[in-house]
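>>> quick one: sequence plus predicted model below, questions after.
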Amino acid sequence: QKEVEQDPGPLSVPEGAIVSLNCTYSNSAFQYFMWYRQYSRKGPELLMYTYSSGNKEDGRFTAQVDKSSKYISLFIRDSQPSDSATYLCAMVPQGGSEKLVFGKGTKLTVNP
Amino acid sequence: DVKVTQSSRYLVKRTGEKVFLECVQDMDHENMFWYRQDPGLGLRLIYFSYDVKMKEKGDIPEGYSVSREKKERFSLILESASTNQTSMYLCASTPKWARGLYGYTFGSGTRLTVV
């Protein structure tokens, strides 16, 4: 079983839809969770960062962590064509680590 | 704004050539990384450096070497390029004190095609 599983998609939604992107993980030591957004032919950029369980909101984006289920989600409300990108989850164990563990990414297209 | 700069956005090289990919960061970060990214395979760590002249193999180091002579610069070397090294190469950095807890800063990537 891989440490982090992420559905690669592709996911295609109409503009204005609510998007749910998800990752599951197997290592219960993971405590810090991140979402990166990567536009085509660009490097990933950090989008959201959360610690342990709960929700964190930033504008149209909400990151949710459910440690009991080892499941993290990124919700995008009122999705826009500019949200079209690949979204990667990443995680770090308690105490930190030099090396992040990444999901493979989900490719999202928001159609006007 | 902090920056990780990769010297080339696109490169086309011939099989057997020695290829240098350069990465420079202006954040005084100790830790620097080279990844390759391929469809369906995600990010795969090639090499990691935690200080000048210090390096550690990642998950797929075969066919690659690295050089870190200065703190700000981390070079990836393909000793003899092969077509299976055609890929997107991403450099990243992070400060050692953060222990990865605040993520990495990535460069824009170098799309390498080996023909």
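In hand now; what should we look at?
>>> return the alpha-carbon coordinates of stretch A:7-25 using CSV.
Written as CSV, here are the backbone C-alpha positions of stretch A:7-25 (Å, rounded to 0.1, in the frame of the first residue of the first chain):
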residue,chain,number,x,y,z
ASP,A,7,-7.1,9.9,-7.6
PRO,A,8,-5.3,11.2,-10.7
GLY,A,9,-8.6,12.1,-12.4
PRO,A,10,-8.9,13.9,-14.8
LEU,A,11,-11.8,15.8,-13.2
SER,A,12,-13.9,18.1,-15.4
VAL,A,13,-16.5,20.4,-13.9
PRO,A,14,-18.6,23.3,-15.1
GLU,A,15,-17.8,26.8,-13.9
GLY,A,16,-19.4,27.5,-10.5
ALA,A,17,-19.3,23.9,-9.3
ILE,A,18,-18.1,22.8,-5.9
VAL,A,19,-15.0,20.7,-6.4
SER,A,20,-13.8,18.1,-3.9
LEU,A,21,-10.2,16.8,-4.2
ASN,A,22,-9.1,14.0,-1.9
CYS,A,23,-6.1,12.1,-0.6
THR,A,24,-5.9,9.1,1.7
TYR,A,25,-2.8,8.0,3.6
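>>> hmm, it touching chain B?
Yes - contact check for stretch A:7-25 against chain B, using Cβ under 8 Å from any Cβ of the partner chain: residues in range are residue A:8. C-beta here means a position set from N, CA and C on the backbone, and glycine is covered the same way.
>>> check contacts around residue A:46.
Taking Cβ atoms under 8 Å, 6 or more residues apart in numbering or on different chains as the contact definition, residue A:46 lies against A:34-36, B:103-105.
>>> now do residue A:52 against chain B, distance only.
Here the criterion is Cβ to the nearest Cβ, to the nearest Å. By it, residue A:52 lies 12 Å from chain B.
>>> up against chain A, what does chain B have?
By Cβ under 8 Å from any Cβ, the part of chain B that sits against chain A consists of B:4, B:6, B:9, B:31, B:33, B:40-43, B:45, B:48, B:50, B:88, B:90, B:92, B:94, B:96, B:98-109, B:111.
>>> before we move on, back to that, may I see the PyMOL selection of the buried members of the contacts of residue A:46?
Below is the selection syntax for PyMOL that covers the buried ones among the contacts of residue A:46, with 16 or more other Cβ atoms under 10 Å in any protein chain shown defining burial:
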select buried, (chain A and resi 34+35+36) or (chain B and resi 103+104+105)
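>>> rank the contacts of residue A:46 by pLDDT and give me only the lowest.
Within the contacts of residue A:46, pLDDT reaches its minimum at residue B:103, with 88.
>>> correct me if wrong: it contacts residue A:34.
Yes - with contact defined as Cβ atoms under 8 Å, residue B:103 counts as touching residue A:34 (5.0 Å).
>>> so what sits against both of these two?
When contacts are counted by Cβ under 8 Å, 6+ apart, the set common to residue B:103 and residue A:34 consists of A:46, A:49, A:90, A:100.
>>> burial count for the last one?
As a burial measure, residue A:100 scores 24 neighbours (other Cβ atoms under 10 Å in any protein chain shown).
>>> what's the pLDDT at the nearest residue to residue A:15 once chain neighbours are set aside?
For residue A:15, ignoring the flanking residues on the chain, the nearest one in space by Cβ to Cβ, 6 or more residues apart in numbering or on different chains is residue A:112 at 5.3 Å. Reading off the per-residue confidence, residue A:112 sits at a pLDDT of 95.
>>> OK, now which residue of chain A is nearest to chain B?
Nearest to chain B, among the residues of chain A, is residue A:96, at 2.5 Å (Cβ to the nearest Cβ).
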